[in-house]
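*Asks:* model the structure of this input:
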Amino acid sequence: MTGSYPATRLRRPRATAWSRALYRETVLTPADLIWPLFVTEGKGVEEPVGSLPGVSRWSLDGIAARAKEAVTLGIPCLALFPNTPVSLRSDQGDEALNPDNLMCRAVKAIRDACGNDIGILTDVALDPYTSHGQDGLLDLEGYVVNDDTVAVLVDQALNQAQAGADIIAPSDMMDGRVKAIRMALEMAGHPNVQIMSYAAKYASAFYGPFRDAVGSGGLLKGDKKSYQMDPANAEEALREVALDLAEGADGVMIKPGLPYLDIVRRVKERFEVPVFAYQVSGEYAMLEAAAAAGAGERDALVLETLMAFKRAGCAGVLTYHAPLAARLLDG
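*Replies:* So this is what the prediction gives:
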């Protein structure tokens, strides 16, 4: 700190709007947003998600319309999550490998509607496809096995890349899956498909509404603590990130968001790579509930929390508030 009062008055640059803009350290734009969308079967279908006010599952025509909306708003990327019908779920998650599954058809619908004007991020994990709701394959004792799961995840990633995905985002937290997927993409002629790894995904209490949206909440047997991270650990997150970067991740993701901004900052300072955060369903629902209760003004709450992600070091944020935020930022 240099200077002292009254020669230095830190309020001086805050006195006018133009001056505050001039001195602003962090800038948030629509280009910093990734919009998660839920896909369901049918035509002309919009199914509101009860635990996520304002969020719906969309059939393919609705997903294509949301993609066009995102392009108009300046949102550069969509993240897709399928609500696979129960009849297509199995213990092995076989539907994940179907080239005509809901995810692959959604990718193609967006590509047909928008060409290359928007990026498409696809989730790689088995929980939307398994009858037990876990992200991987189970042994006879119910433990999620690692290496056999990775082999399936590789085929799932190739399936999505072939459909036209731009970014493969493994959210399963299996050891070694980034290297296996990167090698498979290279060998299959997809060298430009990115990997955004869920590098530090915590076993959080904030995921409940998401599981409702993809239809896995009522199916989940047990918990995911044997592969998702302990919320008490920070050093372990740095090890996870280091491994994923060494294995070929182009960017890394921290999940959830606001409760783990310390992890975002530490990862950014340690590795100096693109860091993303997922403002997850529970965080979104809490903001909506606060606004509905009159505890704060919704638009201001949304923009302030998103600015916090950028200030902590995020290159981008996955948020269900993306369209609202984009409109607010564009005035």
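*Asks:* output the contacting helices and strands for the lowest-mean-pLDDT helix or strand in the chain.
*Replies:* Least confident helix or strand, the chain: helix 208-214 with a mean of 93, by mean pLDDT, DSSP states H and E. Helices and strands touching helix 208-214, as assessed by 3 or more C-beta pairs under 8 Å, 6 or more residues apart in numbering; DSSP states H and E, comprise strand 77-82, helix 281-292. C-beta: built from backbone N, CA, C; applies to glycine.
*Asks:* quick one: low-confidence ranges for the stretch 1-150 of the chain?
*Replies:* Within the stretch 1-150 of the chain, the ranges that satisfy pLDDT under 70 run 1.
*Asks:* go with 80
*Replies:* Low-confidence segments of the stretch 1-150 of the chain (pLDDT under 80): 1-2.
*Asks:* put the alpha carbons of the least confident helix or strand of the chain into CSV.
*Replies:* Written as CSV, here are the backbone C-alpha positions of helix 208-214 (Å, rounded to 0.1, in the frame of the first residue of the first chain):
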residue,chain,number,x,y,z
GLY,A,208,-30.0,-33.0,-6.2
PRO,A,209,-31.9,-31.0,-8.8
PHE,A,210,-29.6,-32.1,-11.6
ARG,A,211,-30.3,-35.7,-10.8
ASP,A,212,-34.0,-35.0,-10.9
ALA,A,213,-33.5,-33.4,-14.4
VAL,A,214,-31.6,-36.4,-15.9
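*Asks:* centre of the chain to it, how far?
*Replies:* 13 Å (C-alpha atoms, centre = their mean, to the nearest Å).
*Asks:* packed most tightly, which of the helices and strands packed on helix 208-214 would that be?
*Replies:* strand 77-82 (a mean of 23; mean count of other C-beta atoms under 10 Å).
*Asks:* pairing partners for that one, with directions?
*Replies:* Strand pairing for strand 77-82, determined by DSSP bridges: strand 33-39 (parallel), strand 119-124 (parallel).
*Asks:* distance to D212 added to these, as JSON lines?
*Replies:* Conversion of those to JSON lines gives the following (distance: least, C-beta to C-beta, whole Å):
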{"stretch": "strand 33-39", "distance to D212": "10"}
{"stretch": "strand 119-124", "distance to D212": "16"}
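*Asks:* is it true that E240 touches A199?
*Replies:* Yes: assessed by C-beta atoms under 8 Å, E240 is found in contact with A199 at 5.1 Å.
*Asks:* so the nearest residue to K255 once chain neighbours are set aside: helix, strand or coil?
*Replies:* The shortest distance from K255 to any non-neighbouring residue, by C-beta to C-beta, 6 or more residues apart in numbering, is to Y278 (4.1 Å). Of the three states, Y278 takes strand according to DSSP: H, G, I helix; E, B strand; the rest coil.
*Asks:* now the strands for the stretch 51-200 of the chain?
*Replies:* Using DSSP state E, counting those that start in this stretch, the strands found in the stretch 51-200 of the chain span residues 56-58, 77-82, 119-124, 167-170, 194-201.
*Asks:* tabulate those (TSV), appending distance to S4.
*Replies:* As requested, these are arranged in TSV below (distance: least, C-beta to C-beta, whole Å):
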stretch	distance to S4
strand 56-58	56
strand 77-82	47
strand 119-124	50
strand 167-170	50
strand 194-201	42
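*Asks:* how long is stretch 129-136 from one end to the other?
*Replies:* 10 Å (C-alpha to C-alpha, to the nearest Å).
*Asks:* got the contact list for that stretch?
*Replies:* Outside stretch 129-136, the residues that touch it by C-beta atoms under 8 Å, 6 or more residues apart in numbering are 84, 86, 88-96, 125-127, 138, 144-146, 148-149, 152-153, 171-174, 211, 216-217, 219-222, 224, 227.
*Asks:* which among those count as buried?
*Replies:* 84, 88-89, 92-93, 95-96, 125-127, 138, 144, 146, 149, 152-153, 171-174, 211, 216, 219, 224, 227 (16 or more other C-beta atoms under 10 Å).
*Asks:* in helices, which of those fall?
*Replies:* Among the buried ones among the contacts of stretch 129-136, the members falling in helices are 149, 152-153, 211 (criterion: DSSP state H).
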